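Chemist: no sequence for this one, just the structure:
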């Protein structure tokens, strides 16, 4: 399964952009972008938006990948991970239907 870093690196390479070009555009150090692509560091939502723009990726789809990856890493080692996801889905539906924000 492709990680957020894989998606970013693959698209950057498809567009023929160098790490230094993308890092300069989003105003971060080249080493940080490299770590994000290798999965050694997580990007912020703000950085993801900038990366989506320069890499011509769908921002919302990238955000879905980002959030789902965070959740997966958080619960992956739990035996009840699948049950947690089902309950969380129900809670999200409830919160949205009642327009409850945290």
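Modeler: Happy to help now that I have it. What you see is a predicted model, and the numbers here were worked out from it, not measured in a lab.
Chemist: Give me the neighbour count for residue 13.
Modeler: Number of residues near residue 13 (other C-beta atoms under 10 Å) recorded here: 12. In this view, the C-beta of every residue, glycine as well, is placed from N, C-alpha and C.
Chemist: in what helix or strand does it lie?
Modeler: helix 4-14 (DSSP states H and E).
Chemist: Only the buried residues of that helix, if you could.
Modeler: For helix 4-14, the neighbour count (16 or more other C-beta atoms under 10 Å) marks 4, 5, 7, 8, 9, 11, 12 as buried.
Chemist: Next: stretch 86-102.
Modeler: Judged by neighbour count (16+ other C-beta under 10 Å), stretch 86-102 contains no buried residues.
Chemist: Identify the residues contacting residue 19.
Modeler: 12, 30, 33, 34, 37 (C-beta atoms under 8 Å, 6 or more residues apart in numbering).
Chemist: mind listing the helices for the chain?
Modeler: For the chain, applying DSSP state H gives helices covering 4-14, 19-26, 30-37, 45-54, 59-75, 81-97.
Chemist: Figure out how far the last one is from the centre of its chain.
Modeler: Pointing back at helix 81-97 there. Helix 81-97 has its C-alpha centroid displaced from the chain centroid by 20 Å (C-alpha atoms, centre = their mean, to the nearest Å).
Chemist: which residues are in contact with it?
Modeler: In this structure, residues lying in contact with helix 81-97 by C-beta under 8 Å, 6+ apart are 71, 75, 78, 100, 101.
Chemist: rerun at 7 Å
Modeler: Contact with helix 81-97 is made by 75, 78, as judged by C-beta atoms under 7 Å, 6 or more residues apart in numbering.
Chemist: what is the orientation angle of that helix with helix 59-75?
Modeler: Here helix 81-97 runs at an angle of 130 degrees relative to helix 59-75 (axes from the mean of the first three to the mean of the last three C-alpha atoms, to 10 degrees).
Chemist: Most remote residue from the middle of the protein, which is it?
Modeler: residue 98 (27.2 Å; C-alpha atoms, centre = their mean).
Chemist: What separation is there between it and residue 38?
Modeler: Applying C-beta to C-beta, to the nearest Å, the value for residue 98 to residue 38 is 41 Å.
Chemist: Thank you, goodbye.
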